[in-house]
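In: After the sequence you'll find the predicted model.
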Amino acid sequence: MSSSTVSLYLDPQIRDWVLFPITVVMILVGILRHYVVLLLQSPSKKLPRNAIREQRALVRSQILRATSANSPLPPTYYKAISQHLSHAFAEGTYLKDGPPKADAPASAPPNPLTDPNAMDGMMAGMKTQMVMMVPQMVIMGWINFFFQGFVLIKLPFPLTLGFKSMLQRGVETPDMDVRWVSSLSWYFLNFFGLNGLYRLILGGENAADSSRDMTTPFAAASAAPQPGQAQDYNKLFKAERDNLEFSEGLHSWIAKDVDTRILKKYGRLPADAK
Amino acid sequence: MEFTFSLQKLAAYQPRQTQKSKATYETGLALLESGGYASKGEEGWDTMEKLTLAALDQGNLEVADKCIQLLADKFPDSPRVDVLTGIRLEASEPPETVLRYYDDLLEADSTNAAVWRRKAHVLRHSGKIERAVEELSAMLDTFYTEIDGWLELADIYASCHQHTYALQALSHALLLSPQNPAYFLQYAETAYLAEDVPLALKTFLQTVDMTDDDDGDLAPSDSIPIGITLRAWYGVKLCTRKFITEPRSASHSASQTAAPNTSNVSLLDDLSTERLRTAYLNLKSESPPAGEADLIAALATLVK
């Protein structure tokens, strides 16, 4: 098959007017996209103080519970804190909207579509999606319209036939060497391969890489605090009370018999004495 | 995370005249005058922040103002610069003005814990201790994990001789950072002051257990207690003395901590005396005083 080396000559104009433009346009669009996303990102909304308090109350009891097996606190102090928390959870002191009314019906979780805050989060995700989808569609349309069926480049290394569908998309030839890459395939290679370059140009946390969004659609939307499942803190608190009670039973003070421990360590008591 | 940490550091700032701050001031000033801060990137701006604080330490408001101006131009709306400006105001303005400034900041963003702590700090220093405690407690209720806040609260209580309350505040610090022997020592000392001697003894011993060098080549009994361990041993000694001279104190414990049995107490007493003697010998290179009371008095100056 020595003929395959000379079988095809590419016009240098293809290189100058098709190969390079496609690559450059894709890089530029990626960079542009990064800055547009930065512009679109609404500053993350600060939670009001009582919302933070509500969120962190659970952390508080978790910290307490985490120490219970080897607690630095003597039992009375531990119990005081634990029971104070448990009491506060039962009363709903930490709830964002104050203690629930006794006669209030068990409220259904609010519909995310009616909550303006939740809508904001979803819109932000949608906007990012649009910024990704639109330019990619335009570029693909552009390539398909003007350069359909172009062979752009010859890879400098041999490949097996399995790569044919990957590298020669849009050129339906049964026996062309797999090393030739078609325009549409070149587009896809760039699409998935430019991330490293973006990372060099824009830094690690860039929004230019479209393939990442492609693999996890709506990633941006789900990364935001999931509004659809607004947590019912009242229920969480009630559950946490059981946990608190449980850890109270496990409580043991590290300094409980530290005196004998120290005396043994310093050889004042025989090591096996209880 | 780093940002939160810097904010916490700012929140805990207190003016002090140290050699280190003087050195920071001098190197920072050189950088400011040469204008090299801008080309150094983040590090340069960090230096400017440090220079501001150092200049305030040295009482040079002009330099501090210049730095804050630079920082404010570079980072508008940064809570860090806001707090820095507040600290600058504290240096020259009356407390009312500063409080109003902090109130405005809190109004705009009620979640800025650093501003909140500065506010409590100002209140405390203008004599309104009650308000300071109130603000600090409210802040800690929201931002439970600010250990420094708990320590400051304990400090305020201790300054009013409310040792039981101080003990409660410290217990939160212990929960948040149970690996830090310094908090244990402070807890023990506060318990001693709150006249909960059994609790104090146990916590002192716990501190000893945490800090003595039991991984080294020497057996613990041959090591020489220094620093925090020495201080803890001193506390142990004070507690055992108290048990021996006033047996009643053993049963008097607000936390219902059981005192060690009598034989253990006397053993601990012996051991702590021996430890203190070793330390004294090592520090002063002379034989320690023979009498117990003398030994305690002599060491009181050493553990400071």
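Out: Thanks, I have it. Note that the coordinates shown come from a computational prediction; the quantities given were computed from them, not determined experimentally.
In: that's a helix at residue B:289, yeah?
Out: No: counting by DSSP: H, G, I helix; E, B strand; the rest coil, one finds residue B:289 to be coil, located in no helix.
In: Give me the distance between it and residue A:85.
Out: 49 Å (C-beta to C-beta, to the nearest Å). For the C-beta atoms, the positions are set from N, CA and C on the backbone; glycine is no exception.
In: Looking at the two, which has the bigger crowd around it?
Out: Set residue B:289 next to residue A:85 and count neighbours by other C-beta atoms under 10 Å in any protein chain shown: residue A:85 wins out with 22 against 15.
In: Now name the helix or strand holding that one.
Out: helix A:75-91 (DSSP states H and E).
In: Return the distance of that helix from the chain's centre.
Out: Centroid separation between helix A:75-91 and its chain, computed with C-alpha atoms, centre = their mean, to the nearest Å, is 36 Å.
In: quick one: the strands in chain B?
Out: Counting by DSSP state E, one finds no strands in chain B.
In: do the same with chain A
Out: A:151-154, A:180-182.
In: Which neighbouring elements make contact with the longest one?
Out: So that's strand A:151-154. Packing partners of strand A:151-154 (3 or more C-beta pairs under 8 Å, 6 or more residues apart in numbering or on different chains; DSSP states H and E): strand A:180-182, helix A:183-193.
In: Residue A:48: which of those is closest?
Out: helix A:183-193 (42.1 Å; C-beta to C-beta).
In: Contacts only, for the nearest residue to residue B:10 once chain neighbours are set aside.
Out: Distance criterion C-beta to C-beta, 6 or more residues apart in numbering or on different chains; nearest residue to residue B:10, sequence neighbours excluded, is residue B:83 at 4.7 Å. Counting by C-beta atoms under 8 Å, 6 or more residues apart in numbering or on different chains, residue B:83 touches B:7, B:10-11, B:112, B:114-115, B:118.
In: From chain A, how far off is residue B:83?
Out: 16 Å (C-beta to the nearest C-beta, to the nearest Å).
In: State the pLDDT value of that residue.
Out: Among the per-residue scores, residue B:83 shows a pLDDT of 86.
In: distance of it from residue B:140?
Out: Note on residue B:83: its distance to residue B:140, by C-beta to C-beta, is 18 Å.
In: Just say which of the helices and strands packed on strand A:151-154 is most tucked in.
Out: strand A:180-182 (a mean of 23; mean count of other C-beta atoms under 10 Å in any protein chain shown).
In: Could I get the average pLDDT for that one?
Out: 89.
In: So what touches it?
Out: By C-beta under 8 Å, 6+ apart, strand A:180-182 touches A:8, A:149-155, A:167-171, A:189.
In: Packing partners of the biggest helix by length in chain A?
Out: The single longest helix within chain A, with elements called by DSSP state H, is helix A:116-146. Under the contact criterion of 3+ C-beta pairs under 8 Å, 6+ apart, helix A:116-146 touches helix A:20-40, helix A:183-193, helix A:210-215, helix A:219-223.
In: tell me the angle the longest one makes with helix A:183-193.
Out: Counting by axes from the mean of the first three to the mean of the last three C-alpha atoms, to 10 degrees, helix A:20-40 lies at 40 degrees to helix A:183-193.
In: mind checking how far helix A:20-40 is from the chain centre?
Out: 22 Å.
In: which helices and strands sit right next to it?
Out: Partner elements for helix A:20-40 (3+ C-beta pairs under 8 Å, 6+ apart): helix A:116-146, helix A:183-193, helix A:195-202.
In: between the last one and helix A:20-40, how many degrees?
Out: Think helix A:195-202. Orientation check (the same axes, to 10 degrees): helix A:195-202 against helix A:20-40 gives 60 degrees.
In: List the buried residues of helix A:195-202.
Out: Buried residues in helix A:195-202, counted by 16 or more other C-beta atoms under 10 Å in any protein chain shown: A:195, A:197-198, A:202.
In: Please identify the one among those that lies nearest to chain B.
Out: Nearest to chain B among the buried residues of helix A:195-202 is residue A:202, at 17.3 Å by C-beta to the nearest C-beta.
In: Just want the most central residue of chain B.
Out: Nearest to the mean C-alpha position of chain B, by C-alpha atoms, centre = their mean, lies residue B:151 at 6.3 Å.
In: show me what contacts that one?
Out: Residue B:151 touches B:169-170, B:173, B:183, B:186, counting by C-beta under 8 Å, 6+ apart.
In: between those, which has the most around it?
Out: Most neighbours among the contacts of residue B:151, by other C-beta under 10 Å: residue B:170, with 28 neighbours.
In: that older thread, take the helices and strands packed on strand A:151-154 and write them to JSON lines, including distance to residue B:44.
Out: Listed next are these as JSON lines, based on distance: least, C-beta to C-beta, whole Å:
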{"stretch": "strand A:180-182", "distance to residue B:44": "48"}
{"stretch": "helix A:183-193", "distance to residue B:44": "37"}
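In: Which among those is found nearest to residue A:138?
Out: helix A:183-193 (11.8 Å).
In: where in the stretch 151-274 of chain A is pLDDT low?
Out: Counting by pLDDT under 70, the ranges of the stretch 151-274 of chain A that qualify are A:208-231, A:272-274.
In: interface residues of it facing chain B?
Out: A:254-256, A:258-263, A:265-269 (C-beta under 8 Å from any C-beta of the partner chain).
In: Which entries within the residues you listed meet the buried criterion?
Out: A:254-256, A:258-263, A:265-266, A:268-269.
In: out of those, which one sits closest to residue A:234?
Out: Distances from residue A:234 to these, taken by C-beta to C-beta, are shortest for residue A:254, at 34.3 Å.
In: The closest one: what's its closest spatial neighbour, skipping adjacent residues?
Out: residue A:70 (5.0 Å).
In: Can you report how many residues neighbour the one you found?
Out: 12.
In: Contacts only, for residue A:50.
Out: Contacts of residue A:50 by C-beta under 8 Å, 6+ apart are A:96-97.
In: let's see 6 Å
Out: residue A:96 (C-beta atoms under 6 Å, 6 or more residues apart in numbering or on different chains).
In: neighbours of residue 62, just the number please.
Out: Reading this off chain A. Residue A:62, neighbours per other C-beta under 10 Å, totals 15.
In: sorry, should have said chain B
Out: 8.
In: Quick check: it vs residue B:257, distance?
Out: In terms of C-beta to C-beta, residue B:62 sits 55 Å off from residue B:257.
In: for residue B:7, same thing?
Out: 38 Å.
In: returning to that earlier point: nearest to residue B:198, out of the contacts of residue B:83: which one, please.
Out: For these, the nearest to residue B:198 is residue B:11 (35.5 Å; C-beta to C-beta).
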